[in-house]
Structure formats: C-alpha cells, structure tokens
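model this:
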Amino acid sequence: MNDLENNDFGTWITYILLISVVVILAGFPQVTNKTLAAFGFIEDYCGDGIIQTPNSAGFFEQCDTNNFGNITNCSSLPEYISGDLKCTSSCEINLNNCVLGF
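Numbers count the residues shown, from 1 in each chain. Down below sits the predicted model:
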C-alpha cells in the first residue's frame, strides 16, 4: 500500500501543495518552460538545448537554442554557400542569414 491508501495526512498535504504550485505557476505568463523544467514539472521542451522529436509539447524540433544537430552552418545545407544559422523560439531553423549559391 502506498501512503495515500493509508490516509497519510502529510502526504496528502504535500500533493495538494504541489498541485497548487503547478496551478499557480501555470497562471503566470512570465513562467517559462525552463522554469517549469527546473522544478521537474516538464521534462523536455523547446529552449532546453536538446533537439527532441517530439518534445513534451508534441512538437518536432529542427534545432534547439544553439544546437543544430548535424548541421554546422549554412554551407552544410544544399543551395547555401555561407551564413549563420539561427534557431527560432519555436525551435525551427531560420535561414534568413544564409547566402544562396548560384
């Protein structure tokens, strides 16, 4: 039997407080996925520097922060000769700074 089945009051209070913190944090727009992950509320997210396919939100990340996987720069991609890769806040590769070859 676990503590909840034994009606352990302290365990119930702990669970209630934990749920309350999650609900309160979810209502504040300045709370980021990084903050929630730091407290263990979510495991993987866009912005943690790790490319997940999919992440805990169900999105397939192309990049994450400065992590582009096997792509080292724009010239690693067909059609491009130079430039700097950027990763968007939604973990998609932005090629706006890449220079197309002719």
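
mind listing what the residue lying closest to Thr65 once chain neighbours are set aside touches?
Leaving aside its sequence neighbours, Thr65 sits nearest to Gly49 (C-beta to C-beta, 6 or more residues apart in numbering; 4.5 Å). Yep, even glycine has a C-beta here, placed from its N, CA and C like the rest. With contacts defined as C-beta atoms under 8 Å, 6 or more residues apart in numbering, Gly49 is in contact with 64-67.

residues touching Leu17, list them.
Per C-beta under 8 Å, 6+ apart, neighbours of Leu17: none.

what's the neighbour count on Cys63?
A count of nearby residues for Cys63, using other C-beta atoms under 10 Å, gives 20.

show the subsequent helix or strand relative to the helix-or-strand element of the chain with minimal mean pLDDT.
Here the helix or strand of the chain ranked lowest by mean pLDDT, DSSP states H and E is helix 33-38, holding a mean of 59. Per DSSP states H and E, the first helix or strand lying C-terminal to helix 33-38 is strand 80-83.

just the CA coordinates of that following strand, formatted as PDB?
Coordinates of the C-alpha atoms in strand 80-83 are reproduced here as PDB (Å, rounded to 0.1, in the frame of the first residue of the first chain):
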ATOM      1  CA  TYR A  80      23.700  27.700 -49.500                       C
ATOM      2  CA  ILE A  81      27.300  28.900 -49.600                       C
ATOM      3  CA  SER A  82      27.700  30.800 -46.300                       C
ATOM      4  CA  GLY A  83      25.900  32.500 -43.400                       C
END
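
next, the buried residues of that strand.
Across strand 80-83, burial judged by 16 or more other C-beta atoms under 10 Å covers 80, 83.

parallel or antiparallel, which strands does that strand pair with?
Each strand paired with strand 80-83, and its direction, by DSSP bridges: strand 98-100 (antiparallel).

quick one, which of the contacts of Gly49 are buried?
By neighbour count, with 16+ other C-beta under 10 Å, the contacts of Gly49 hold Asp64 as buried.
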